[in-house]
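1. Provide a 3D model corresponding to the input given below.
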Amino acid sequence: MDFNEFAAYAYFFLILFLVVGTYSYVYHLYTKRKDSTGVDYEHYSDMALKDDIGDTPVKPVSRDKEK
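-> Residues are numbered from 1 along each chain as shown. Model prediction:
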């Protein structure tokens, strides 16, 4: 096995590792949407697009003070 053949195998396995790593990371992101406290932050992703003064808030705020 010369260097070019070794480099081809190394490139193939590196690309395979990166593809598997990327897909497993994306799978992890979509299956674990909630953090440890149980809050789902995915609805905050639209906050940058809906930032006009007349838009509805992402999370409604209660006027009642919590005791």
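2. rest of the way, CA atoms for contacts and neighbours
-> Fine.
3. Pull the number of nearby residues for F12.
-> Using other Cα atoms under 10 Å, F12 is surrounded by 11 other residues.
4. L18 versus that one, what's the distance?
-> Using Cα to Cα, to the nearest Å, F12 is found at 10 Å from L18.
5. now Y9
-> Using Cα to Cα, Y9 is found at 14 Å from L18.
6. re the thing from before, mind listing the shared neighbours of F12 and L18?
-> The overlap between the contact sets of F12 and L18 (Cα atoms under 8 Å, 6 or more residues apart in numbering) is empty.
7. Now the host helix or strand of Y27: average pLDDT?
-> Assessed by DSSP states H and E, Y27 sits inside helix 3-31. Confidence over helix 3-31 (mean pLDDT, whole number) is 94.
8. What is that helix packed up against?
-> Contacts defined by 3 or more Cα pairs under 8 Å, 6 or more residues apart in numbering; DSSP states H and E place helix 3-31 against no helix or strand at all.
9. Could you list the buried residues of it?
-> Of all the residues in helix 3-31, not one is buried under the rule 16 or more other Cα atoms under 10 Å.
10. how close does the spatially most central residue of the chain get to V61?
-> For the chain, the residue nearest the mean C-alpha position is L29 (4.7 Å; Cα atoms, centre = their mean). For L29, the distance to V61 equals 27 Å [Cα to Cα].
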